[in-house]
Each structure stands twice: as C-alpha cells, then as structure tokens.
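Asker: 3D, please:
(one chain, ligands or ions: 1)
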Amino acid sequence: MSEPTPSQAFEDAFHAVAERHERIWMFISLMLLSLLLAGAAFFVVDAYGVVVKTAGYQTHPGDAAQSGPFTETGLERTGPNTYSVHMLAHLWAWTPSPLHVPQGADITFYVTSSDVLHGFEVQGTTINMTAVPGTIGAVTYTFQRAGTYNIICNEFCGLEHQNMLGRIIVDPAHGA
Ligand code: CUA
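Answerer: As a prediction, the model looks like this:
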C-alpha cells in the first residue's frame, strides 16, 4: 500500500465525515451558542421591555411619550433666566423641532426616546447624550451665541438614522 500524495490526503480529509467526538463537540458548541443567544434575547425583552416594531407596536417607554411632560414638548420658563425643554427622540425625528430658545439662558434639556436608542448631539456645543427609552436624561446648557444649531442623532437607529436631524434656533437676547 503506497502513501497517499499530499493532495490526495487533503482530498480525503476534506471529504471525510467528522468523527464521532468531533460531532459531539460541534453539537455542544451549537447548543451553547443557541443558549447564549436565546438568553440574551430573553434578557433584553424581559429586563428592558424592548420589542421588535410591528403594527401593534408599543413599549413601556412609549407610554412616557404619550402621557406626562413629553406630550407637550417645548420650551418652558422655570426661572428668571432658566428654561426647560422636554425633547423626545423617535424614529426618525426630534420633537420639538425647530425649537426656539433664548440666547444666554440656562436651558435644561430633558431627553428621552419613545422607541429605540438615539443620540442627542447638538452640533457646536458640548451637548452629547443618549436618548434611552424609559429613561429621562438631563443636561443643562447655555447658548452664548445666537444662530441655528443642528441636532444630530449619533446613535445608529435604523433606516433613516442619517436623516434624523433637528434644529435649535437660538434667538438673540434683547439688547444683545
Ligand atoms: Cu436616531 Cu440615529
């Protein structure tokens, strides 16, 4: 019996059926992987209430968008030179937009999302936070310069992510 040539040995190995212990370990690996994925999916749905968008789409975070302060988004005066804004992120826009705010005032943004993660970044400022469904984030900022600022979603959120732009228009302070 002659030794098989290297290329023949490769051919044989390529077409050989996996050995029993190999098949067992392949099976165990696949089972572990499946368990991991199923567990992760269960954890996300159970712990965070995340659901895949369907016709009857509703999440706990969505409730926040339909009741409470986020139903009337916009600028609200809270002090002599302080304001609050309830900003709602949703697929794929910001509400309210365009938003007018006064120059030189302390503006506190309360930000949440009614569906998935979005990124609340205001171009040219230090505002950069994640809009998390079911959670309200807060950031206070003072616009020293009047003008138009872009709100950019910097968290990938689906098909129209790149078009998810909003506008903040900072109106010049009186006498400025
Ligand atoms: Cu919203 Cu990306």
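Asker: after the lowest-mean-pLDDT helix or strand in the chain, next one along is what?
Answerer: Least confident helix or strand of the chain, by mean pLDDT, DSSP states H and E, is helix 60-66 with a mean of 54. Taking DSSP states H and E as the definition, the helix or strand that follows helix 60-66 towards the C-terminus is strand 75-77.
Asker: Could I get the average pLDDT for that next one?
Answerer: Strand 75-77 comes out with an average pLDDT of 88.
Asker: how about the residues of this protein near the ligand?
Answerer: 92, 118, 153, 155-157, 161, 164 (Cβ under 6 Å from any ligand atom). Bear in mind the C-beta positions are built from the backbone N, C-alpha and C, glycine included.
Asker: list the contacts for the residue most central in space within the chain?
Answerer: Against the mean C-alpha coordinate of the chain, by Cα atoms, centre = their mean, the closest residue is residue 117 at 1.8 Å. Residue 117 is in contact with 130-133, 155, 157, counting by Cβ atoms under 8 Å, 6 or more residues apart in numbering.
Asker: Tell me which stretches of this structure form helices.
Answerer: Taking DSSP state H, the helices of the chain run over residues 6-15, 20-48, 60-66.
Asker: Buried residues, stretch 136-148. List them.
Answerer: Neighbour counts over stretch 136-148 (16 or more other Cβ atoms under 10 Å) mark 136, 139, 141, 143 as buried.
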